[in-house]
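Colleague: quick check, what structure comes out for this input:
(4 chains)
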2 protein chains.
Amino acid sequence: MKRRILVIEDDQDINKLVAMNLRDMNYEVESCDDGSRGLQMALTGSFDLIVLDVMLPEMDGLEICRQLRSAQQLTPILMLTAKDSEADRVVGLEMGADDYLTKPFSVRELLARVKALLRRVEMLTAKQQVVESDELRFGNLEIRISKRQVMLHGRPVDLTSTEFDLLLYMARQPGLVFSRSQLLDKVWGYHHTGYEHTVNSHINRLRTKLEKDPSNPEYVLTVWGVGYKFSDAGASTGAH
Amino acid sequence: MKRRILVIEDDQDINKLVAMNLRDMNYEVESCDDGSRGLQMALTGSFDLIVLDVMLPEMDGLEICRQLRSAQQLTPILMLTAKDSEADRVVGLEMGADDYLTKPFSVRELLARVKALLRRVEMLTAKQQVVESDELRFGNLEIRISKRQVMLHGRPVDLTSTEFDLLLYMARQPGLVFSRSQLLDKVWGYHHTGYEHTVNSHINRLRTKLEKDPSNPEYVLTVWGVGYKFSDAGASTGAH
DNA sequence: GTCTATTGTGACCGTTTCGTTATAACTTCG
DNA sequence: CGAAGTTATAACGAAACGGTCACAATAGAC
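Modeller: Have a look, this model is predicted:
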């Protein structure tokens, strides 16, 4: 899924430069040029990384850092500091920044740092998934997670990326009912803005591909007035 | 088989402490207290894991990291960093370290990390280790790893260095899907900052050289919206 | 240094996929 | 039964994505 980055920087030139380059690298970027608004966005926007200038109007970067961390927000922060303010750097790291960059900085270096920080987070979250098995099996339906492949009666089924993600999300907790908005949040991402109706379409497409009789589904079930669930009827846990 | 661990750390107390505790856990441990010697040992000693201090005489840990990785040494590295040198950590991960631990650390935590790293590697390489051979064969396609040579229908195919690396990386885990950024990280290196688009180009070149009908590939397959994979259809493990 | 092979980047085009809309079908409840 | 609300289905256009090619940049050989 596309990584989301928030840039908080009041200098318009730098802000644009940074945002543009990050977008170029296929990140989803939101910009902001004052501190208090930045804090707001950081708290609500579900970002994967924050690029934060220290010198800001309204509320300075260090304060934002402090407040985010005290609110248990663990989003990694890359701090931008003036060239010679060693003190800021130290305080920044104390406040919970994860890395810093002194102005003026090269774009290359910025990108490298961003990448490194994101990778670090990925590594940390990867560890939590160690115990999980790579396969889910439900009767004739088999989901091979790392291969992003679904087998039905031993034959591969061609699912698009979203279809797979949707199926996988529900199949991980068979029997649990998910509302459409829950599915939008989890599968499409928290920031996604769209109609709940969209989910119907994808469920429909999933069924035509998975179910013998799509209007009388065996795996992807409707829970009237609530949402959908994956059937837990023939559930057998994934391999050891 | 008993796992071999190399400890590179100049502080004698810490070095002994670590070595002792690892031996206690039934690992085979070798110690070393300076950087350049450590690099030598790492390159020649066939270890399963390296515990590496950043601050070292002769050659620092980051440099060792870098050199090992550029020599295609993929032994997992657990880096030890000072408490407040956040930057070191970032750079270390960039250089190819797999995990880090900040001093002072608890022995419990060290052992946990070591165990986790070894388990992770074991999982990744389990399939390869068993049949670890110099050749991969998939129908008419044959990859001779140490010769860096690819044969198609018994005839050599002329691949450039990057093309070969890319192919090999994917072919080692047929069926596994890799995102472009994953491929950039693994094939081009973690330090690399470049466009994901680049991967497309190389895939394209690979296909024109390997596939009978490049627009309908048999080996290097596109996974829409995600990345690429090497086909696992006709996968037969390399001979032993 | 020059020449060549390789690699990275940009532009364009075709295809796949997705979100939306419209309409039909179904469920629930009065 | 009929009405209101909810879901299913099919179809369409737009946008995202990948394939391809050409060219520029870079590295490597000589």
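Colleague: can we go C-alpha only for contacts and neighbour counts from here?
Modeller: Noted.
Colleague: ok, now how distant is A:Asn140 from A:Gln173?
Modeller: 17 Å (C-alpha to C-alpha, to the nearest Å).
Colleague: err, A:Ser215, not the other one
Modeller: 23 Å.
Colleague: so which of the two has more stuff around it?
Modeller: A:Gln173 (14 against 10; other C-alpha atoms under 10 Å in any protein chain shown).
Colleague: so that one sits against A:Leu167, correct?
Modeller: No: under the criterion of C-alpha atoms under 8 Å, A:Gln173 makes no contact with A:Leu167, lying 10.4 Å away.
Colleague: what sits against A:Leu110?
Modeller: By C-alpha atoms under 8 Å, 6 or more residues apart in numbering or on different chains, the residues touching A:Leu110 are A:Leu101.
Colleague: confirm it sits in a helix?
Modeller: Yes: remark: A:Leu110 belongs to a helix, assigned using DSSP: H, G, I helix; E, B strand; the rest coil.
Colleague: what's the weakest-modelled helix or strand in chain A?
Modeller: Within chain A, no helix or strand scores below strand A:235-236, which has a mean of 54 by mean pLDDT, DSSP states H and E.
Colleague: quick check, A:Asn15 in contact with A:Val29.
Modeller: No: contact criterion C-alpha under 8 Å: A:Asn15 and A:Val29 do not qualify, at 10.8 Å.
Colleague: now for those two: what residues contact both?
Modeller: A:Val7.
Colleague: for chain A, which residues are neighbours of DNA strand C?
Modeller: Applying C-alpha under 7 Å from any atom of the strand, we find that chain A lies next to DNA strand C at A:159-163, A:188, A:194-199, A:201-202, A:224.
Colleague: among those residues, which ones are in helices?
Modeller: Counted as lying in helices by DSSP state H, out of those, are A:161-163, A:197-199, A:201-202.
Colleague: circling back: narrow the residues of chain A next to DNA strand C to those that are buried.
Modeller: By neighbour count, with 16 or more other C-alpha atoms under 10 Å in any protein chain shown, these hold A:159-160, A:163, A:188, A:199, A:202 as buried.
Colleague: so which of the ones in helices among the residues of chain A next to DNA strand C sits lowest on pLDDT?
Modeller: Least confident entry in those, by pLDDT: A:His197, with 92.
Colleague: got the contact list for stretch A:57-67?
Modeller: Outside stretch A:57-67, the residues that touch it by C-alpha under 8 Å, 6+ apart are A:10, A:34-36, A:39, A:52-55, A:77, A:79, A:91-92, A:95-97.
Colleague: just for chain A, where's the confidence low?
Modeller: Along chain A, the model assigns pLDDT under 70 to residues A:83-86, A:88-89, A:123-132, A:234-240.
Colleague: can you give me the neighbour number for the closest residue to chain B within chain A?
Modeller: Proximity of chain A to chain B (C-alpha to the nearest C-alpha) peaks at A:Lys147, 4.6 Å away. Neighbour count for A:Lys147, taken as other C-alpha under 10 Å: 18.
Colleague: ok, A:Gln149 next?
Modeller: Neighbours of A:Gln149 under the rule other C-alpha under 10 Å: 18.
Colleague: can you pull up the bridge partners for it?
Modeller: A:Arg144 (DSSP bridges).
Colleague: so it touches A:Leu141, yeah?
Modeller: No: contact criterion C-alpha under 8 Å: A:Gln149 and A:Leu141 do not qualify, at 10.8 Å.
Colleague: many thanks, I have nothing further to ask.
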